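Novice: Whatever this is, show me its structure:
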Amino acid sequence: MRSWNLSEIDTPGGSRSPVVLDSAEPARAVLIGLEPGQELGDHEVKEHAFLLIVEGSVRVEAGGESLDAQSGMLFRFEPEERHSVSSADGARILLFLAPWPGAGHYRGDNGG
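Specialist: Next up, the predicted model:
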């Protein structure tokens, strides 16, 4: 068994320094601190992405919709679904990517 206290893990530099908590075949867990005004700009990943707001508040935009979310809110994005996350006041988010790595994540991967 492994455990993490997400409130005590240092995330210096905010979104520029994500902390990979675990990365194995079934999934990858990444803790990201967003300093006030920081964002994860419009992007997509090859995996299913689950985003949990651990502390603070964020604005999530995807598919022409936007939602302001507080701690405790959970989002799910399909592979290759474009989205962005920003925080005016700062936040701490937990990102799960599954399966890890997803088909096509690495260059030259034909998904087979």
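
Novice: in stretch 25-45, what counts as buried?
Specialist: Across stretch 25-45, burial judged by 16 or more other C-beta atoms under 10 Å covers 28, 29, 31, 32, 33, 34, 38, 39, 40, 45. Heads up, the C-betas are built off the backbone N, CA and C, glycines and all.

Novice: do you know how far the residue most central in space within the chain is from residue 86?
Specialist: For the chain, the residue nearest the mean C-alpha position is residue 95 (3.3 Å; C-alpha atoms, centre = their mean). In this structure, residue 95 and residue 86 are 15 Å apart, going by C-beta to C-beta, to the nearest Å.

Novice: Then residue 11?
Specialist: In terms of C-beta to C-beta, residue 11 sits 16 Å off from residue 86.

Novice: can you pull up the bridge partners for residue 95?
Specialist: residue 30, residue 51 (DSSP bridges).

Novice: does it really touch residue 33, like I thought?
Specialist: No. Using C-beta atoms under 8 Å, residue 95 is not in contact with residue 33; the gap is 11.8 Å.

Novice: shared neighbours of those two, anything?
Specialist: The overlap between the contact sets of residue 95 and residue 33 (C-beta atoms under 8 Å, 6 or more residues apart in numbering) is empty.

Novice: which residues does residue 28 contact?
Specialist: 20, 22, 47, 96, 97, 98, 100, 101.

Novice: tell me the secondary structure for the last one?
Specialist: Look at residue 101: counting by DSSP: H, G, I helix; E, B strand; the rest coil, its state is coil.

Novice: where do the strands sit along this structure?
Specialist: Along the chain, counting by DSSP state E, strands occupy 19-23, 28-34, 39-43, 48-62, 65-70, 74-77, 83-86, 91-98.

Novice: Sweet, I'm off.
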